[in-house]
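sequence and predicted structure, then a few things I'm wondering about:
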Amino acid sequence: DAGVTQSPTHLIKTRGQQVTLRCSPKSGHDTVSWYQQALGQGPQFIFQYYEEEERQRGNFPDRFSGHQFPNYSSELNVNALLLGDSALYLCASSRTTGLREKLFFGSGTQLSVL
Amino acid sequence: AQSVTQLGSHVSVSEGALVLLRCNYSSSVPPYLFWYVQYPNQGLQLLLKYTTGATLVKGINGFEAEFKKSETSFHLTKPSAHMSDAAEYFCAVSESQGGSEKLVFGKGTKLTVNP
C-alpha cells in the first residue's frame, strides 16, 4: 500500500504565476483534505473534498481552488502566487469526512515563491 | 472556533529523561484531541488521539496523553526520551462544520534530545 502520495515534492515559482499540486489518497480512502504549513507554524486547513465536491473550506482566498476526480485523487490550484504562499502543502486522506477514522498525511509539496 | 495553544515552542531534554509537551485547547463542544509528530522533510504521523471513554490515551513509541476536561488540557508525556524522539510535535483539536470535520493545529513544539 503506497499510502498518500503527493507530487511534486518541491516546486519553485515566481510571484503572479499559477501552480497545481497533486495528491493520490491511500487505497480505500474517499476523502481528501489539504493543509498549508508555513515555516515555523502548524498546518492550517484549506479545504476538504468528498464525492468530488468541496465539503468544507478554511479561511483561504478564492485564489486557492481544488478538484477531486472520480478515482478520489485531488488537485490544489493556487493562482496569482504571492510570496506568502511559500509553504509546505500537505494532503491528507481518510475513509470518511469525520475524524473518528484515522487521517493519513502525505509527505507534502514544498512550494517556494520568489 | 476551536483553538490550540502549545506552551513552549522548543523543549530540550536529556536522553532518558521525562518528556512533557503541553497542550491546552478551547472548544465549545466535547472535542476529539490529537497529537501528531513530524520528522524533518516528512508529513505528519499520528501518535495518539482521544475521542471518548478513557481519559488516559496510550499511543505509539511509548507516548501517552491525558485528557483533563476541567483544565482543558491534553499534555503529551513519555517516561524516558530516546534520541529518535527528536522531532516537532503538534497538538490538534477537531472542528465540525456541515457534517465534515477538520483539524485545528497548534503552532508546534520542537523537541531536542541531548545525549
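That came through, no problem.

give me the number of residues near residue 10?
The chain I'm using is chain A. Neighbour count for residue A:10, taken as other Cβ atoms under 10 Å in any protein chain shown: 11. (Each C-beta comes from the backbone N, C-alpha and C, glycine too.)

let me rephrase: I mean chain B.
Around residue B:10 there are 10 residues (other Cβ under 10 Å).

show me where chain A has strands.
Ranges of strands in chain A, per DSSP state E, are A:5-7, A:10-13, A:19-24, A:31-37, A:44-50, A:53-57, A:64-68, A:74-78, A:87-94, A:104-105, A:109-113.

and these as a markdown table, adding mean pLDDT and distance to chain B?
A markdown table is the format used below for the strands of chain A (pLDDT from 0 to 100; distance: least, Cβ to the nearest Cβ, whole Å):
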| stretch | mean pLDDT | distance to chain B |
| --- | --- | --- |
| strand A:5-7 | 96 | 8 |
| strand A:10-13 | 97 | 10 |
| strand A:19-24 | 98 | 11 |
| strand A:31-37 | 96 | 7 |
| strand A:44-50 | 96 | 4 |
| strand A:53-57 | 92 | 4 |
| strand A:64-68 | 97 | 13 |
| strand A:74-78 | 98 | 15 |
| strand A:87-94 | 96 | 6 |
| strand A:104-105 | 93 | 4 |
| strand A:109-113 | 97 | 8 |
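
quick check, pLDDT for the residue sitting nearest the centre point of chain B.
For chain B, the residue sitting closest to the mean C-alpha position, by Cα atoms, centre = their mean, is residue B:35 at 3.1 Å. In this prediction, residue B:35 carries a pLDDT score of 97.

can you name the residues bridging to it?
residue B:48, residue B:91 (DSSP bridges).

that one reaches residue B:23, doesn't it?
Yes - contact status for residue B:35 versus residue B:23: in contact at 7.5 Å, counting by Cβ atoms under 8 Å.

pull up the overlap in contacts between those two.
By Cβ atoms under 8 Å, 6 or more residues apart in numbering or on different chains, residue B:35 and residue B:23 have these common neighbours: B:65, B:74, B:76, B:91.
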